[in-house]
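>>> quick one, structure for this:
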Amino acid sequence: MKNKISFKNDYSEGCHPQILDALIKYNLSQQDGYGEDQYSLKAKELILNKLNSKTSKVYFVSGGTQANMLVISSALRPHESVISAQTGHIFANETGAIESTGHKVNSVNTPNGKLSPSHIQKVIDEHPLQPHQLKQKMVFISNSTEIGTIYSKKELEDLSAFCKSNDLYLYLDGARLAQGLTSENSDITLEDISKLTDVFYIGGTKNGALIGEAIVINNPELQKYFEYYIKQKGAMLAKGRLLGIQFLELFKGNLYFDLAKHANQQAMLIKKAFTNIGCLYMSETFTNQIFPILNNLQIDSLSKDFDFYVWKKIDENNSAIRVITSWATKDKDVDIFINAIKKLS
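Residues are numbered from 1 along each chain as shown. As a prediction, this is how the structure comes out:
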């Protein structure tokens, strides 16, 4: 079977060599368990320094779905729900994980994957406060979104202000946070996100780590007893050092952002090639995910040598594909792909 060059996702590779070296280097060091090791404690300190926050708290878990389920189920009371775009990961790609904890996801159809105050207000208006209706208590957003778009600082500020005035928690899924922050047209920083959200997470799995996400809770109200939820849901690793070491390596320098910047730059080279042959896009993105619209013959041609997802059927003859690059995407693979794209015109 022919090996294809893959642009299907940004977690096909293991981890950045610097992380692997550190895991080997510290392997025989005896450390306290359950995240009380020196590596985890130092990594949390580094993250909080970058956030410029003395009141936030950091918690390491192994995956994004796990992070979402922990945060949402711990924050909401039994009669409360969370609002998400229809493309949001908790609504579209987590097998009802949130619903399995007893909380409904109120979905909103939005063309660019982003929520605005008007979207949220519409959901609230459809659920008048009475004991026969669920009470909306949290807004779930992603940056970058599941279709590669990003929020501007103004958009995030508006959402934050709206949520505060309507007694709603604002939660940001950061599976691809680094890619969003290092996008060429992003004006948001980690510090901004810490100030404007109640809780968010810093994704490692999709940016150079073997596994791992760092949940950051900014709202002290949500910090209380959170460790109990982590343990109860089976998310507290005895060998917490495995997560701590990875985030220590990602944040002791600029590695976390450098890896994402590389992924974005590789994607933009590919995007330029698709644009040059006249492609339109399902969504306008400047991160490591691009969604060019191709006809069936073009898709079949590229599929011979490359792996990617056919993301959305546009009509009988055309579909949007998802091409995604990673921290490890090689220049030579991008060059080969670009040459194949040129032949489609």
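
>>> contacts only, for Ile341.
270, 273-274, 277, 302 (Cβ atoms under 8 Å, 6 or more residues apart in numbering). C-betas here are computed from N, CA, C, even on glycine.

>>> ok, His16 next?
208-209, 249, 255, 259, 327-328.

>>> go again with 7 Å.
208, 255, 259, 327 (Cβ atoms under 7 Å, 6 or more residues apart in numbering).

>>> what stretches of this protein score poorly on pLDDT?
1-2 (pLDDT under 70).

>>> now do the strands in it.
Here the chain has its strands, by DSSP state E, at 5-6, 57-61, 80-85, 105-108, 135-142, 169-173, 199-203, 213-217, 289-290, 293-295, 306-307, 309-313, 318-324.

>>> which stretch among those comes nearest Glu126?
Among the strands of the chain, strand 105-108 comes nearest to Glu126, with 8.4 Å by Cβ to Cβ.

>>> quick one: the helices in the stretch 51-200 of the chain?
Counting by DSSP state H, counting those that start in this stretch, the stretch 51-200 of the chain has helices at residues 64-75, 89-92, 117-125, 153-165, 177-181, 190-196.

>>> distance from stretch 39-49 to the middle of the chain?
20 Å (Cα atoms, centre = their mean, to the nearest Å).

>>> verify the contact between Phe274 and Pro292 for me.
Yes. The pair Phe274 and Pro292 qualifies as a contact (Cβ atoms under 7 Å) at a distance of 4.2 Å.

>>> which of those two has more neighbours?
Neighbours of Phe274 and Pro292, each counted by other Cβ atoms under 10 Å, are more numerous for Pro292; the result is 26 against 22.

>>> so the more buried one bridges to which residues?
Assessed by DSSP bridges, Pro292 has beta-bridge partners Tyr281.

>>> for it, what are its contacts?
274, 279, 281, 320-321, 323.

>>> farthest pair within the contacts of His16?
Spatial extent of the contacts of His16 (Cβ to Cβ) is set by the pair Leu255 and Trp327 at 9.2 Å.

>>> more crowded one of the two?
Trp327 (25 against 18).

>>> ok, the closest residue to the more buried one other than its chain neighbours to Phe60 distance?
Distance criterion Cβ to Cβ, 6 or more residues apart in numbering; nearest residue to Trp327, sequence neighbours excluded, is Leu259 at 3.6 Å. Distance, Leu259 to Phe60, using Cβ to Cβ, to the nearest Å: 18 Å.
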